[in-house]
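Colleague: Everything below, folded, please.
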Amino acid sequence: MPEVVRVIALSDDPRLADYANLTDVALRRRLEPAGGLYIAEGLKVLRRALAAGHAPRSVLTLERDLPEVLDAVAGVAVSVFCGDAAVLEAITGFDVHRGVLAAMHRPVLPDPRELLAGARTVVVLEDVVEHANVGAMFRSAAALGADAVLVTPRCADPLYRRSIKVSMGTVFQVPWTRIDWPDGYELVREAGLHLAALALADEAVELDEFAANAPERVALLMGTEGDGLSRRAIAEADTVVRIDMAGGVDSLNVAAASAVALHAIRRRGRR
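Modeller: Numbers count the residues shown, from 1 in each chain. Down below sits the predicted model:
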């Protein structure tokens, strides 16, 4: 059963150290995966993490949200710290307006081969460094039927607090793992997926044209903000695809582009 600990002032309880100074600037100065933990923010995100089988080490919540938190973690042996807004802000360094934070144990990432076996639509994030974009791309992947997401070593952490928040917890819903890069090209190809790179290139075909006759199994390669996909990714692709633009705009934000591409690819099953 959960253990409720009420915090009325700053405490030297070592379990609260997981929540100390959680501002984005501070987190980027240290490796958030240290200790094998990540921070889930908000009751909905906590519920989704628990539903995905992730185990909490502790929970920090506003007093007002304590009943719902206890309902969410019912039957789980976990310490639940609660206090008022001022205490939580003093601990974390920001206004915890969503009311709930949870220090969660990171699950072991699956073997990429397991995720690729039988997958029809896969999204590969090559060095996407903005956490909000990663979260938004996971949300699109969940909403538009992607079977898996693969992230390269330099890609932002999908379990970073902001990534989880922007994804609305769908990072727990869509299977994902890290993949070696550039060795991953062959891994994806050996699994039988067609490599489609979204890029502005002279040889690129329009997305609508590609989607009209898209292969049954496709891996969409999405590149980093600003520079886009690497030259190697474009060279390795079976098809280079571009989204037709209007209004003098040459490209979309990578998260928006992934949503457009996934929606177009999804229609292949309706032909």
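
Colleague: Show me how the record splits this protein into domains.
Modeller: Under the assignment automatic domain parsing, the domains of the chain span 3-105, 112-270.

Colleague: Which parts of the stretch 1-150 of the chain are helices?
Modeller: 24-27, 43-51, 66-72, 85-92, 112-116, 131-143 (DSSP state H, counting those that start in this stretch).

Colleague: model confidence over the last one, on average?
Modeller: The average of the pLDDT scores along helix 131-143 is 97.

Colleague: related to what we said a few turns ago, let's have the helices of the stretch 1-150 of the chain in CSV, adding distance to Asp12 and mean neighbour count.
Modeller: Just so you know, the C-beta spots here come from the backbone N, C-alpha and C atoms, and that holds for glycine as well. Below are those laid out as CSV (distance: least, Cβ to Cβ, whole Å; neighbours: other Cβ atoms under 10 Å):
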stretch, distance to Asp12, mean neighbour count
helix 24-27, 19, 13
helix 43-51, 25, 20
helix 66-72, 22, 17
helix 85-92, 11, 18
helix 112-116, 42, 17
helix 131-143, 30, 24
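
Colleague: I'd like to know which of those helices is closest to Asp13.
Modeller: When the helices of the stretch 1-150 of the chain are compared by Cβ to Cβ, helix 85-92 sits nearest Asp13, at 10.2 Å.

Colleague: So what's the model's average confidence on the closest one?
Modeller: Rounded mean pLDDT across helix 85-92 is 91.

Colleague: same check, this time on stretch 187-196
Modeller: For stretch 187-196, mean pLDDT is 96.

Colleague: what kind of secondary structure is Leu195 in?
Modeller: Recorded secondary structure, Leu195: strand (DSSP: H, G, I helix; E, B strand; the rest coil).

Colleague: So it sits against Glu186, correct?
Modeller: No - Leu195 is beyond contact range of Glu186, at 10.2 Å (criterion: Cβ atoms under 8 Å).

Colleague: Which one's more surrounded, these two?
Modeller: Legend: neighbour count by other Cβ atoms under 10 Å for Leu195 and Glu186, higher for Leu195 (19 against 11).

Colleague: Now do the contacts for the more buried one.
Modeller: Tyr185, Val188, Arg189, Ala219, Leu221, Glu236, Ala237, Asp238, Thr239 (Cβ atoms under 8 Å, 6 or more residues apart in numbering).

Colleague: Checking the third one next. Helix, strand or coil?
Modeller: Reduced to three states with three-state DSSP, the structure at Arg189 is helix.

Colleague: nearest residue to it other than its sequence neighbours?
Modeller: Leaving aside its sequence neighbours, Arg189 sits nearest to Leu195 (Cβ to Cβ, 6 or more residues apart in numbering; 6.3 Å).

Colleague: wait, doesn't Arg217 sit right on Asp147?
Modeller: No - look at Arg217 against Asp147 with Cβ under 8 Å: they stay out of range, at 9.3 Å.
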